[in-house]
Every structure is written in C-alpha cells, then in structure tokens.
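Q: Got a sequence here, can you build the structure:
(chains A and B)
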Amino acid sequence: MAGIREQAVALLNEVKMTGEASAKVDLLKTLMELVLYRDPLSLLPEFVPYLMEFQTEPGSPIRKYLAEMIEGIGMKHVDFVPVIVPVLLSLLQDATPAVARRAITSGSNIFRSVLEQVALQGVYSGQVERRLVDCWNWMTCFKDAVFSLAFQHGNDGVRLLALKFVETTILLFTPDPNGLLPNQQSSDGTSRGFNMTWIAGGHPVLDATVLGQEASKNLGLLLNQLRTPEASTLPCLVAIVIINSLAGIAKKRPSMFGRILPVLLALAPNCEPIQGSQIASVIHELKSAFLNLLKSNQPGALPWRDRLVAALRSMNVGDIADQTIRHLERAVRVAERNRTAKDTRVSTKERISPFVSTPQVSTIQVIAPAPVDMSLRKRSLPQENGNVQSIDFNEVSGKRSRHDVAPITTQGEATPVIPNGTGNVMGNTAAYGDHSVAPLISAFATLLAQGERGAASVQILIESLTPDMLAEIVIANMVHLPSTPPFTPEVNFGANWGLGPIPPSGPPEIPVNPVTSLPIESAPALQPYSSTADLSQDLRKDPRRLDPRPAVPSDGVTVLLTPKLEVEEPKQEPIELENRVVSDPSLPSSPPPQSGVSTVPVPSPVITLLPLSAEQQAALSTASLVRIMENHKTIAAAGGADLRIALLARLVAQSYEDTEVLKVLQKHVLADYQAHKGHELVLHVLYQLFAEHACSDVEQPMSTSLAYEQFLLSLAQGLRDKISAGDRSLSRLLGEAPVVPMSTLKLVEELCNPPSGAESSKGEHVTAGLTALWSLILQRPPTRDTCLKMALKCTVHESDDTRAKAIRLVANKLYPLKFVAQNIEDFATASLLSVVDHQSGDTAERDILEGDNTVKTDLMNEDQRVANGVAPMDVAGDEGAQQPTTAAKNTEVLSLSEAQRCMSLFFALCTKKHALLRQLFQVYGRSSKVVKQAVHRHIPILFRTIGSSSQELLQLIADPPAGSENLLLQVLHSLTDGTEPSEELIATVKKLYDVKFQDATYLIPVLSSLSKDEVTPIFPRLVDLSNEKFQAALARILQGSAHTGPALTPAEVLISLHGIDPHRDSVPLKKVMDACATCLQQRTVFTQQVLAKVLNQLVEQTPLPLLFMRTVIQAVHSFPSLESFVMEILSRLVSKQIWKLPKLWTGFLKCAHQTKPKSFHVLLQLPTAQLEDALKGFPSLKEPLAAHADQPSVRPTVPRSSLVLLGLCQDTPAASNSTSAGQESNTEVSKQ
Amino acid sequence: MKLRHAMVCASNQNRSMEAHALLQRQGLDVSSYGTGSHVKLPGPSAREPNVYSFGTPYRTMLEDLIKKDPELYKRNGLLQMLKRNLGVKEAPQRWQDNAADGAFDVVFTFEERVFDMVIDDLGNRETNLLKLALIINMDVKDNHEEAAIGGKLALDFCLRLEQADAWEDEIDAIISRFEKHHRRRLIYTIRFY
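A: Alright, predicted model coming up:
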C-alpha cells in the first residue's frame, strides 16, 4: 500500500516537472490508475486536491483530461462531488471549447449518477443523507450553469452538448411510461434506468411535481429556439440537434407530443425561420424526425398522423409517408386477422391481462392504448413477459372459468355488434381509422363482461386513453342506446341510483354493474342513434316533461345530474366522473332487468323534482365548477388539457352574469398561474367574453364589456399581488388580451409609480409594470401613445430605482423602435431643456412640483429665521432685499437632484444615438452651474459607453459649439482615462489643436498616445500651461500608451525642458523653472540615475542650457550622493571655461560653495584669476580652501599663483607671475 | 485531432471499402460497414445476385466467384475489388452489429438510404456517453469509377475535419467550403453516442 502511495507521489511530482502537455496527460493517466483503481480509499482524499490544482494548467489537453478524471472520481466516489464540481464549473467556462465540452459530458454523467443515488436512497429509506443532499445541490448548480450555455450564443460545439444535457434532464425529470421500478433494476448499480415514477409517491428531497415543471419549462425553452425570433440566428448544426432532441423527447414522452409537434410542424416544409448554408441538412433532419414519429405510432401521435403525413407530402416525401402508413395499417390488419382467427376473447385477454395484475398496474397502464399497434405490441411483449408471465399463468385458470361463466349468447351476438359499431365510426371519423377503436371496444366488452372484477381494469383503461379515443369509443357504443320514443333517462338514472339495489353512495363500480347484467343480445334490436345531438336534446327536454310534484326526498334525483350527486357525495374521486361519462351512453341500454328493453316508459310516481332555491343552485353550480377546475391534473395527464381549457372558457364566459363564476375561475387560476395553465385559460375566457360583446345586440352591450373589464382588472390585480422577480405573466396577459381597457392601463401605471415609502418591496412591481408597458407598446398600437407617456413619465420619476429601470427600458428597448423614437427623443430633449433654461413651466406637473418645493423652502427659511432668533420686524424690513436671493437659492436647491432626474434619460439616449450629443454641447454653455455639475457627473459613464470611435462624437470634438470648451475637456479626459484612445480621436484632437484652439490643454488627454516626434514640438506649449496642467501633461507623457511605451523618458523630458528657449518658444523663463522644479520633486521618477544621465548629456551641449547650473544645484540638493558626480561635471565645466558665461558662472560658484569641501579640488583647478573671483564671491571659502591646498598630496598640483593667492606661498612674484602669466596667455589663446 | 472514422455503404464492398482503403493509406483511424441485411454482389444477371452473409471473409467470396465464372467476374471488376478488400480487412461488417466497436466521431455514408438507416440505428441505441458523432452523406453511384471518385472526396472531407481544431465549431463552414470546391451536395446530422 505504502508503495503505491510513494509511486503516486513520485508520479505527481513528475507530472509537475514535465513540461510537455501530452506527456503530462500520460503521466496523469498512470496516476489516475493508481489513485482511482488501486487504492482509492486511502489515496483519493490525499490526491484529489492536488489533482484539482491542474485546472490552472496552461495546456488545454491537461484541463480536458482533468474533466475526464473528475468524471472517474465523481462516478465512483460521490463523496468528492462537493470538491470536484466547483472545478467542473470553472472548466465549463474554459476558453478551450474541447475542455468545456468534456466538462459537460463528465458533469452529465455525474448528474445522472447522483440523481439516481438520491432517488434510490429516498425511496428505500425515506430520507437522504446530508452529504448526498449536498452533492445534489452541487449538481443542481452544475445543471443551471450548463443551461445557461445551452441557450446562449457561444461556441456551437459546447452548445450542442449543453442542449443534449437539457434533453437529458427533461427525460430524467419526467416519468418514463415504459420505465421500470427501482426494485426491478439490475443490482449491479450500473443501470441507467432512473425513472421519475420512482419518486412519484413522495421523496424527501426530490419533488416530482417541481422537477416536472422544470422539465416542462425547459422544453418550452427548447421549443422557443425553433420559433421565429430565436430561430433566425440558429446555426444549422444547433438546429439539427434541437430538432433531433425534440423528436426524441416526443417519442419517449408521449405526454409532450402535443407541445412539440406543432412547433416542428410549423417548420415544414422549408424550415424557413432557420437560415444558414446547410439548411438542406436541417430539412432532412426534420423529415427523418417526422418519419420517426410517424413510425413510433403512439396513441398520442394518432391525432397528428394526418398532419404529419401532410407535412411529409409538402416536403416531397409523401410516398414514404404513405408507405409507412400502409405498413402500419398492414401490421394492424395482420394482427386483427390473427386475433379473429383465434378466439377473440383469448387474444383480448392476452392484452388485458396486465391490467388485472394490480401490482403492475401503475407502470404498465400506459401500454394499454397500444393494442392499436400490434407490431409494437409484439415487440414489447417478450420484454414484459419476464415480469408478467408468472401472473399470466396464474390467471389462466381464472380466465377459463370466466369464459364459462360468460353468457353463451355473447359468442354469437357480440361479433356482429362490434363490426357494426366500428362501421358507423368509420363514416364519421375516418381520419382515426376504424381499426384503432375496434380492439378497444372489444376489450371493454370483455372487461365489462367480467363484472366487478373487470371494473378496476376498465377504469385504468379509460384513464390511459386519450380523450379522442375515448370519445370514439363512446360514440361507437351509442348504437346500443335504446331508441324508444318516451325516453326518460332521468327516471332511469333515478331508478338505477336512487332506487336500484345499489345505494347512491356506492363504490365506483356503480356504472359498471348494470353493464354486467346487460344482455347484449338486446342491442341489435335497437335502432342506432344517429348523433349525439339527438341524445342531448332528449336529455334537455325531458325534465320539463316530468311532473314536478312535491317530492319524496329521494336524494340524488334532480335536474342536475352530476353536480347533484356531488353534493351528496363530495368525497367521490374525480375518476368516477369520467367513468360515468363513459358509461352513461351505455347505461340506457342497461335498465334493470325488470324494465328490460320495454318500449313502455317506466312509471315513476315516487320520483319527482326537488326545486332548488336560487342560492342552492348557485352554490351547486359553483361547487361543480370548482370541481371541474380541480380536475385539471387528471385531464392534463390524459392529454386533453387544451380541449378542457376551450370548453371551460366557453362555460365560464356564457355565465358571465354570475360574477361568482368568474371569481371562482380567477381564484383557481391565480392559485397556481403556471401549473394551471392560467394564461391560456384566461385568454380563452377573455376572448370569449370579447366575442360575446362584439356579437351582442345594442340592448345590453354594457354587461359583457363590464364583465370583461372587471375580470381583466381583477385578474391583473391578482397577478400584481403575486408578482415575483422575472415574472412576465402580467405583460403577457396584457399583450395578448383582446382589448385592454383604460382601467387596466391605470393599474399598470400605478405599478410603475409606486407610492413613495414602501419602495424597496415594490421593485418587482415597477419592473413588471414597465415590462407590461413595453409589451403593450410593442403589441398594441392603439394604446401605444398612452403607454409611452406612462413610461416616459417614469423616466423622470423621483425614485432613483424606478427611474433607472424606466430609463433602461426606454433607452434600450423602446428607443430602437422607429415608431416611438421621435417621441422619446422629443421628451428627453424637452426635459433636458427644461433644466437648462430652468424657466420651467413646460408641464403642469412640474409647475406643481416646483410650487410645492417653493412653499417648502419658504417654510424652511421661515423656520430658520425663527430659529436664528431674528426678530420678525427685521425680516419685514429686509424683505425686499432678501426676496431675489431666496428665489435664486430655490432654483439651486431644486436643480441639484432635479437636474439629474430630468437629464438621465437624455444621457441614456445619447449612448444610443450619438448625434444627440451636439444638443448637449450646445446647451452646456448656457446652463447653470448645477446643471453643469450634473452633466460632469454623468460624463465618465456616458462617454466610456460611447467610446472614442463614434463618428458623431469625433465630429463634435472637431468642431465644438461655443461655450462647451470645458465640457469638451471633461469629455476628452473621460474618453482617455484608463483606456487607449482611438486613432481617430487622437487625429481629431490634434486637428482641433492645430486649427481651432491652439491651446495645449486639449492635447493633454491624448498625450500618452502620442509619439516622441509628436510630443517634442508641442512640449514648450505644455510648459507654458499652468503648473497644474503641466503636471497632468507630464504624467501622461511619462505614462505613455501600453504598447508604444512612454512618449518621452524622464531624462528626455528634462533635456527637452532645458532645450526650451524662452525667447524663441515664447515661454517665460519662470515657467520653465517651475516645470523643472516640478520634475525634480518627483524623486521616484526623476531618480539619481536619471539626473546623472541628463546632466551628462547637458554638459556636452554648446551652448550650455541656461538653466543648467540651476538644475545641477537642485540635483545635488535632492540627492547628496550625487556630489562626487557633480564634481566631475564641475571640472568639465572648468575645462569649458565656464566663467565666460556669467549667468552660469554664478551658478557654478554657488554650486561649488554648496558642495564644499568636495568642490575644493575643482576650485583649485580654476585659473588663479577665476579663483580669485570665486574667493571674492565667497570669502568664507578661502580659509578651508587654503587648508586643503596645503595638504602635501594636493599642494604640488596647485599652480603657484593660486598658492600665492591663497597665501600659502610668498615666493618670488616673478616666478609666480611667469606661471600665472603663462596660464593667462594660454587662456588668452584658447579664448581667441 | 485524431478522429475515428466509419465509412458506410450498403454491402461494405465497393464504396465504403474504396474509401476505407484510401483513408487507411493516409494513416487515418478508419473502419467500414454495410447497412444491408446481406452482402450482395452482382451475379450473372440482375435476378441472380451473389448473396453472402456479413462476416463471410472476402477471401471466401473471391474463391467462390472464381469457381463460378472467373471470366465474368474478372470482366466486371469484382475479383479486383475483392482482392483489394482482403488486403484491407478480413470480412465485411454490418453497421447494425458494430456496437462493440465503440463510438465514432465521423460516420460517412454514400447513399441517403444508408444515411437514414445509420441514423435510425443510432436512434435505437442507448445514448449515454454524450459523445458527438457527425453523420454525413454524399451520394455516390455504386460502380467502380464513381466509388473511386467518392473515396477521394471522402478522404478529402475527412482530412478537412482532421485539420480543424474542433469540427463541432465550424462544421457548417467546412461543409460549405467542401461543397463549393467539389460541387457535391452533402447532408449531415449530429447524433450522440
């Protein structure tokens, strides 16, 4: 073990030492082998942190392999998920697409594995360990991160995988109808069969409903990608993958068929919304998706078959589609023939047997509709047999006995009945094909024949059918209805439920029971009903015909059939209702044995109608409505949600006079707007109401419109109270409603203008209100002006938050729209001008505001005066003088915040339309100080957004309006602050300087980007600026640009400074001196070395710069350690006969004086005459200098005359004279 | 970039093998398959094809044909083709049975029907590797001349893919350039292993 660890450590070190990426990967692979497979328990905890450090490796193959390692670790050792997923998250953002792709793949697999573990643990033990919950939370983070990749336009390859992951999660989060239960999984733990149904019964961590909703939302996102605005930018590659994903989802999750297919069908035949070079491939993908779905032949797909075929025809592959259909039909026919050839019931039973086996019911029920597709059936049977077979065997004996029990008559009679029924159906609904229903009908018949034992199966069968299929079966069965003229179903029902052997609160099998005793042979004797209309008419007519005698309270027997029953038994399950609906039509054919097929109406003296009071009726109908609404889940599961919504809307709209009904609906909708399909439902109702209003006569036009208006308003209020961040339901509602009345618009306006006070909590309201305004402006031209005004009003709102949001909306979303742009611009300009000119009074609102404020300030002043203890008398005397100042103050106090408030929108617009800037520049000159202040505050952000390449801005800079100079400077500064100015900007500024202003101030901002050649000519002008500006300029020059380096080095700056000729360059000498001082103050920049270099160069110049000595003195003053260097300079000056330049000579002496005693040897180098001059200037030098010269080492080097001068030698003047004369003559010569 | 290529036609004899041989010679990682239910080679008449099951070695077929009618099969090029094939690999392989061969990055088909069958087959497989596969079709007539051209084009295309940093990111462009250059239409799709 220890050996392995050492090996691993050695490997790790080797990895770190190795330079080449591929070698590193190889080593890492070996390391992984050791750590993950040889001894994971002891090595992993130690090595994982080291391994994770590789995320910062520069070589992308290493990071890619890291993602792979993470998968290995995460899949095998879930404990490390919290450590490795953060790394994975950062790898998702990796700049190398291959790494990001690998990260998605790894994460997907870990995601699936963690999800399965969490689910299994919860299912088995009822709780989930904390660490596993942590892991799950991390995986959720991962999921969200990948989702954001999937729906943004980034790297296509990464997006493909992210989209695939979205598909995977949709499939994971929705129950798989063909999936297995956890206990049916293979025990090796490698199964990938996680199924949402495992946790359908409840789970401590995972909520099936929430996950289902998420899946549905994500499906919506996927679908949106293929709709027009998104699709146009979709690369073909991505489109192909999305289409394929959607087709896959539709195939695997029949419940989503209805959502996916319309979107896919809308793409046929040419995938118009998608653009791209490879559109042919997209079309092909769509074709194969359609064919695939057509072949899948699910019950959910049946209603779409025609449209699929039509779409395929339009894509020129009709023949293949027809072939597929023929193939499918042939399969069905073959199956049918087989079935009829054998004993009909045996085959039926084969299919139904799974239902009877109750433990399996929940998983297998969805297969129930499959009898339609015999081929598919055959394929799936062998798989199922493994699970079901044993039960089948058990059932065999039961089956046999049932056959025997079944009435012998069925043998002869049942067969003719069924074809008869289906023949009828074929006439009406050829589209669905008769074959689909026939086997089901016979299945029903067989089940019903089993009596109570079959009841449960019937229920399950019904649940699993789509509404269309169910309707067909009902219609097909209607031939069995008795056609006796005095048809009184109520009485019969009553007889069945009220008086029959079964009590009204009986178990669910009530409707089944009578059928059991149904003598089917009676059916052929009856004339078939031609349509449902007849039946319903009869149903409606009948109650009136009944004798409404005061009643024996026979419970459930009244006008309202189902609702009435509900009142009696509110506990009944929703299924029952459906159940009854199904069996209703067959009921009449199943009167109690005694009444039989008789054409004589059953006399029913005891049964009478119980008149209901209005309240009761209302309560009943409300209760029934509530119940209908509550039923949505069952219906949605059966796939009839759309139909339900349409029907419900019609129902509600028809009884609009009953406000209660609308309230019930509203309550239901608002309870869960998303899950209850609130938007769709409400829109249906609104349109219904609107249609009623449009069609209604003049007599009562108000009521519907009133109902409409109230409904919409209260709904909008309800939505408002539930608004959460990002919720767009309100704007969707307003955008899609048929009409938006003024009252609702007012509500929106209130939303946008929350009363001050509780502002923090109303943030979402404002957002929602503004979003609503936006969609109204976009989608409803008639309300456009009103809404725009509202939105604009918000852009000058007092609350910063509201204002900012409104401005964002107006500037970013609305301003680009051509039809409102001018209005917005006008408004913004008007409000800008209003502050600038501050005469105000452009809008009434502002007037009021100001009036208000004036009063307030007055009051404040009053207070102040009182507080200051000024006698009122005095005030009265001063009144006249004080009035104007107060007024002036007023405007100022107002404007500070006010200016910003009114100008923000304009600034925001400027970023969109740079031409507007001119307006700003034009008014700047005449604006008040406060307004300018406000402008200055905005400038940095504004111009950084605009950038320095905007043509409009450049033009403006080239030709600024009068008065805007200050603004221009500010702008230039913010444009160049921290960023590289663009070429154009530099050119423009230079032009501005050359042509217009000649003021070097304007050049300062761009100095850092100028080259040495450009800076040098303007340098004197910069020196001529005020010291402050020069400092700024200096900083810019020295800073330079990022890639060209500084325009001038510090040394060059100093040399340039010395090169300035006050006369030629017309710069006062004082300025140059100041500039030098400024430079030397910056000791960190103008260092000792810099100075040395500069002095070295300067001393070589002829003539010597005027300020040279001054600088030398300053240098030595700043850096005393330069002294010895300076001495060298001084002696060079001596050799250059510095005394001939009087100004410098003074400086020289001064310097020498300051640097004594070091300067002594320099002084001694001076010719005697100059030495004398020096001693004259600084007599105090004489004594120490003499002492210095007297040193034995020095003395021989000093000329005699100097020694004499210093009083060290009193020798013959001749000798001294001769030497000094000789020197003198020498100097004379050189002077010549 | 080292990609795994698969060349697929109906019988894994002519078009896919031509491409297989070419790509192999260029050192690419390549396999080849057929999607038909049997390997069919032309016989003495259109009604009497020679039918073998997948997995029958090319050598066996060669010997069989020589035994039957060496003149005919030499004339129609079958013998040369089989000789070429047995130099490349042992026996024709069926696409639908290749799950054990692992995931391919590129699947190149030579007929739309074959393309559809590959897609159909991949749709029926378990997808859990989350590994992208590019399925691409170029229609090539099933005769020796066209197959030779088709093989070269397939090689060119696969080399273009190999040269890309990541074909996932630029496949539309790669195909467009290829189409423009060779004036051949391609159809592609993406599947996941």
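
Q: Residue ranges of each domain in the chain, please.
A: Unless you meant another one, I'm taking chain A. Residue ranges for the domains of chain A, per the TED database: A:57-183+A:192-225, A:229-316, A:615-722.

Q: um, chain B though
A: Chain B breaks down into these domains under the TED database: B:5-36+B:94-192, B:39-87.

Q: Mind checking the pLDDT average for the first one?
A: For domain B:5-36+B:94-192, the per-residue pLDDT values average out at 91.

Q: is it up against chain A anywhere?
A: Yes. Judged by CB under 8 Å from any CB of the partner chain, domain B:5-36+B:94-192 and chain A are in contact via B:116, B:119-120, B:123, B:126, B:128-132, B:166, B:168-173, B:175-176, B:185-192. Where you see a C-beta, it was placed from the backbone N, CA and C, and this is true even at glycine.

Q: Let me see the contact set for residue 139.
A: As the question left the chain open, I've gone with chain A. Counting by CB atoms under 8 Å, 6 or more residues apart in numbering or on different chains, residue A:139 touches A:81, A:85, A:107, A:110, A:111, A:114, A:115.

Q: ah, I was thinking of chain B
A: B:110, B:111, B:112, B:185.

Q: Equivalent analysis for residue A:1095, please.
A: Contacts for residue A:1095 were tallied using CB under 8 Å, 6+ apart; they are A:1111, A:1112, A:1115, A:1125, A:1126, A:1129.

Q: How many neighbouring residues does whatever residue of chain A ends up closest to chain B have?
A: Closest contact between chain A and chain B, by CB to the nearest CB, is at residue A:157 (2.8 Å). By other CB atoms under 10 Å in any protein chain shown, the residues close to residue A:157 number 22.

Q: pretty sure it contacts residue B:165?
A: No. Counting by CB atoms under 8 Å, residue A:157 stays clear of residue B:165, with 9.8 Å between them.

Q: Need the pLDDT of the spatially closest residue to residue A:167 that is not a sequence neighbour.
A: In space, and not counting its chain neighbours, residue A:167 is closest to residue A:245: 4.0 Å by CB to CB, 6 or more residues apart in numbering or on different chains. Confidence at residue A:245, expressed as pLDDT, is 91.

Q: swap in residue A:186?
A: On the pLDDT scale, residue A:186 gets 43.

Q: ditto for residue B:60
A: 93.

Q: which SSE is it in?
A: helix B:58-68 (DSSP states H and E).

Q: in that helix, what counts as buried?
A: For helix B:58-68, burial by neighbour count (16 or more other CB atoms under 10 Å in any protein chain shown) applies to B:58, B:61, B:62, B:65.

Q: Likewise for stretch A:732-746?
A: A:732, A:733, A:734, A:735, A:736, A:737, A:739, A:740, A:741, A:744, A:745.

Q: Also stretch A:1007-1024?
A: Buried residues in stretch A:1007-1024, counting neighbours by 16+ other CB under 10 Å, are found at A:1007-1010, A:1012, A:1015, A:1018-1024.

Q: Restricted to helices, list the contacts of residue A:139.
A: Under the assignment DSSP state H, the contacts of residue A:139 contribute A:81, A:85, A:107, A:110, A:111, A:114, A:115 to helices.

Q: Nearest residue to the first one in space, please, no chain neighbours.
A: Right, the one you point to is residue A:81. In this structure, residue A:81 finds its nearest non-sequential neighbour in residue A:135, 4.0 Å apart by CB to CB, 6+ apart.

Q: Quick check: phi and psi on that neighbour?
A: Torsion angles at residue A:135 (phi, psi; degrees, to the nearest 10) stand at phi -60, psi -40.

Q: surely it meets residue A:78?
A: Yes. At 5.6 Å, residue A:135 and residue A:78 qualify as touching, with contact defined as CB under 8 Å.

Q: any shared contact partners between the two?
A: With CB under 8 Å, 6+ apart, residue A:135 and residue A:78 have common neighbours A:114, A:117.

Q: what about these two, which has more around it?
A: A side-by-side neighbour count of residue A:135 and residue A:78, using other CB under 10 Å, places residue A:135 first with 25 against 19.

Q: Next one: that one, what pLDDT does it get?
A: Reported pLDDT for residue A:135: 91.

Q: Run through the strands of chain B in chain order.
A: B:4-9, B:29-34, B:39-41, B:50-52, B:106-109, B:132-137, B:187-192 (DSSP state E).

Q: Could you check the angle the last one makes with strand B:132-137?
A: Direction vectors for strand B:187-192 and strand B:132-137, defined by axes from the mean of the first three to the mean of the last three CA atoms, to 10 degrees, enclose an angle of 150 degrees.

Q: residues contacting residue A:321?
A: A:290, A:291, A:294, A:308, A:309, A:312, A:313.

Q: okay, the helix or strand that contains it in CSV with CA atoms only?
A: Using DSSP H and E, residue A:321 falls within helix A:318-341. C-alpha atoms of helix A:318-341 as CSV (Å, rounded to 0.1, in the frame of the first residue of the first chain):
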residue,chain,number,x,y,z
GLY,A,318,-45.3,11.8,-49.3
ASP,A,319,-44.7,8.4,-50.9
ILE,A,320,-42.5,7.3,-48.0
ALA,A,321,-45.1,8.6,-45.5
ASP,A,322,-47.9,6.7,-47.3
GLN,A,323,-45.7,3.6,-47.3
THR,A,324,-45.2,3.9,-43.6
ILE,A,325,-48.9,4.4,-43.0
ARG,A,326,-49.6,1.4,-45.2
HIS,A,327,-47.1,-0.6,-43.4
LEU,A,328,-48.6,0.3,-40.0
GLU,A,329,-52.1,-0.4,-41.2
ARG,A,330,-51.0,-3.7,-42.6
ALA,A,331,-49.5,-4.6,-39.3
VAL,A,332,-52.7,-3.7,-37.6
ARG,A,333,-54.7,-5.7,-40.0
VAL,A,334,-52.5,-8.7,-39.8
ALA,A,335,-52.8,-8.5,-36.0
GLU,A,336,-56.5,-8.3,-36.3
ARG,A,337,-56.8,-11.2,-38.6
ASN,A,338,-54.7,-13.2,-36.3
ARG,A,339,-57.0,-12.2,-33.5
THR,A,340,-60.2,-13.0,-35.2
ALA,A,341,-58.8,-16.2,-36.4
